[in-house]
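Asks: compute the structure for the input listed below.
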Amino acid sequence: MSTTTATVTLADLTRMLRESAGEEEGVDLDGDVIDTPFMELGYDSLALLQVIGQIQREYGIEIPDDAVVDAETPGALLALINSGQAPTA
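Replies: Numbers count the residues shown, from 1 in each chain. Got it, this is the predicted structure:
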């Protein structure tokens, strides 16, 4: 059995943020937001948990909820998602 590992990109993440929680007025997710704190982008922890659930469903990546709390920017969250991915069974 082979395991394929998909990489989640910033474009994937911003798409899921829009789908899960919309886009804050005046925020351009297509801009350089990789190091912008989620709070400044208008996303709270609930929105991030929704996105994490979507990532787990779409990519089969298991991400502990408590690890998400430490990821304060899209870049930090992508690093968490794409490091040590363990496909779910």
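Asks: what's the average pLDDT for stretch 27-40?
Replies: In this model, stretch 27-40 carries a mean pLDDT of 89.
Asks: quick one: contacts of it?
Replies: With contacts defined as CB atoms under 8 Å, 6 or more residues apart in numbering, stretch 27-40 is touched by 10, 14, 17-18, 23, 41-42, 44, 47-48, 72-75, 77-78. Yep, even glycine has a C-beta here, placed from its N, CA and C like the rest.
Asks: narrow those to those that are buried.
Replies: Applying 16 or more other CB atoms under 10 Å to the contacts of stretch 27-40, the neighbour count classes Leu10, Thr14, Leu17, Leu41, Gly42, Ala47, Leu48, Glu72, Thr73, Pro74, Leu77, Leu78 as buried.
Asks: now do the fourth one against Gly31, distance only.
Replies: The spacing between Leu41 and Gly31, counted by CB to CB, to the nearest Å, is 10 Å.
Asks: who's in contact with Ile13?
Replies: Slight slip there: residue 13 is Leu, not Ile. Neighbour list for Leu13: Val51, Pro74, Leu77, Leu78, Ile81 [criterion: CB under 8 Å, 6+ apart].
Asks: just the pLDDT for the first one.
Replies: Just to be clear, that refers to Val51. The model reports Val51 with a pLDDT of 90.
Asks: that one reaches Leu17, doesn't it?
Replies: Yes: here Val51 lies in contact with Leu17, judged by CB atoms under 8 Å, at a distance of 5.8 Å.
Asks: in the helix-or-strand element of the chain with minimal mean pLDDT, what counts as buried?
Replies: Ranked by mean pLDDT, DSSP states H and E, the weakest helix or strand in the chain is helix 65-70, scoring a mean of 78. Going by neighbour count (16+ other CB under 10 Å), the buried part of helix 65-70 is Val68.
Asks: immediately after that helix, which helix or strand?
Replies: From helix 65-70 onward toward the C-terminus, using DSSP states H and E, the following helix or strand is helix 74-82.
Asks: which strands and helices sit next to that next one?
Replies: helix 10-21, helix 38-41, helix 65-70 (3 or more CB pairs under 8 Å, 6 or more residues apart in numbering; DSSP states H and E).
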